[in-house]
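Q: I'll drop the sequence and a predicted model, then ask my questions.
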Amino acid sequence: MSSNNNRYDDEFKASAVKMVVEKGRPISAVAKVLGVSEPALLVDG
């Protein structure tokens, strides 16, 4: 049985983190570019 907690794969998560940490983009901008809500990027799922 699979878990519903892993909505995004590791590559997607790493890409989002890289945009924020390495490129200095605001979380709100990264969320918009990726098509997800800002809280989705803030929750460690």
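A: Cool, got the structure. Numbers count the residues shown, from 1 in each chain.
Q: pLDDT on the longest helix anywhere in the chain, on average?
A: Among the segments of the chain that qualify as a helix by DSSP state H, the longest is helix 10-21. Averaging pLDDT along helix 10-21 gives 92.
Q: distance from the chain centre to the helix or strand just after it, please.
A: Sequence order places helix 27-34 as the next helix or strand after helix 10-21, per DSSP states H and E. Relative to the centre of its chain, helix 27-34 is centred 8 Å away, using CA atoms, centre = their mean, to the nearest Å.
Q: what inclination does helix 27-34 have with respect to helix 10-21?
A: 140 degrees (axes from the mean of the first three to the mean of the last three CA atoms, to 10 degrees).
Q: tell me the first helix or strand C-terminal of helix 27-34.
A: helix 38-42.
Q: for that next one, the distance to its chain's centre please.
A: Here the centre of helix 38-42 is set off from its chain's centre by 7 Å, with CA atoms, centre = their mean.
Q: before we move on, what about stretch 13-29?
A: Centroid separation between stretch 13-29 and its chain, computed with CA atoms, centre = their mean, is 8 Å.
Q: still on that earlier bit, counting by contacts, list what the longest helix of the chain packs against.
A: Packed against helix 10-21 by the contact rule (3 or more CB pairs under 8 Å, 6 or more residues apart in numbering; DSSP states H and E) you find helix 27-34. Every residue, glycine included, has its C-beta placed from N, CA and C.
Q: contact partners for Leu34?
A: The contact partners of Leu34, taken as CB atoms under 8 Å, 6 or more residues apart in numbering, are 12, 15-16, 41.
Q: if we can go back for a sec, contact partners of the longest helix of the chain?
A: 25-27, 30, 33-34, 41.
Q: now render those residues as JSON lines, adding distance to Tyr8.
A: As requested, the contacts of helix 10-21 are exported to JSON lines (distance: CB to CB, whole Å):
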{"residue": "Arg25", "distance to Tyr8": "17"}
{"residue": "Pro26", "distance to Tyr8": "19"}
{"residue": "Ile27", "distance to Tyr8": "15"}
{"residue": "Val30", "distance to Tyr8": "13"}
{"residue": "Val33", "distance to Tyr8": "14"}
{"residue": "Leu34", "distance to Tyr8": "9"}
{"residue": "Leu41", "distance to Tyr8": "9"}
